[in-house]
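[1] Make a model of this:
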Amino acid sequence: QQQLVESGGGLVQPGGSLRLSCTASGFTLEPYAMGWFRQAPGKEREAVSCISSMTGSTNYADSVKGRFTISRDNAKNTVYLQMNSLKLEDTAIYYCAAMMGRYCSGTPPVIVWGQGTQVTVSS
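    All right, here's what the predicted structure looks like:
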């Protein structure tokens, strides 16, 4: 069974940092572009960041550019999202996803979703 399991969420004060991890089981991440998405209460799910398979090229939503960094370790079958300078508006459930294909361009469809991890930014 193909699964993605996120971890690392929690409660953090504004300006703080968290590092999310997403580990795959039942399949290898290497052939796939990997993405992070988030859904805040009452809002639609939005794309946060994506990292391609071969080149490791990345893209980010404007709202997180300069604060978040996506990375992957194919040997560990894991993708990460380092989140710095967190803001109240970053509060959401964060999901990782395996995308169809090796590249992030064109927002490829998601083929495997994680279950999500809650990130709450609050003072």
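[2] Around residue 119, count how many other residues there are.
    Other residues within reach of residue 119, judged by other Cβ atoms under 10 Å, total 22. C-beta here means a position set from N, CA and C on the backbone, and glycine is covered the same way.
[3] The most centrally placed residue in the chain: what's it in contact with?
    Centroid check for the chain by Cα atoms, centre = their mean gives residue 36 as the closest residue, at 2.4 Å. Neighbour list for residue 36: 20, 22, 47-50, 70, 79, 81, 94-97 [criterion: Cβ atoms under 8 Å, 6 or more residues apart in numbering].
[4] Apply 7 Å and report the result again.
    Counting by Cβ atoms under 7 Å, 6 or more residues apart in numbering, residue 36 touches 48, 49, 70, 81, 94, 96.
[5] Let me know the distance separating it from residue 123.
    24 Å (Cβ to Cβ, to the nearest Å).
[6] With residue 65 instead?
    For residue 65, the distance to residue 123 equals 24 Å [Cβ to Cβ].
[7] cool, residue 90 as well?
    Distance from residue 90 to residue 123, by Cβ to Cβ: 13 Å.
[8] And residue 96, by the same measure?
    Using Cβ to Cβ, residue 96 is found at 27 Å from residue 123.
[9] and what of residue 99?
    The value you get for residue 99 to residue 123, if Cβ to Cβ is used, is 35 Å.
[10] Among those two, which residue is more densely surrounded?
    Taking neighbours as other Cβ under 10 Å, residue 99 and residue 123 compare with residue 99 leading, 22 against 7.
[11] Pull the contacting residues for the more buried one.
    32, 33, 34, 35, 50, 108, 110, 111.
[12] Pull out the buried positions in stretch 50-67.
    50, 51, 52, 53, 58, 59, 60, 64 (16 or more other Cβ atoms under 10 Å).
[13] circling back to that earlier point, element containing the residue nearest to the centre of the chain?
    For residue 36, the element it lies in under DSSP states H and E is strand 34-39.
[14] Brilliant, that's me finished.
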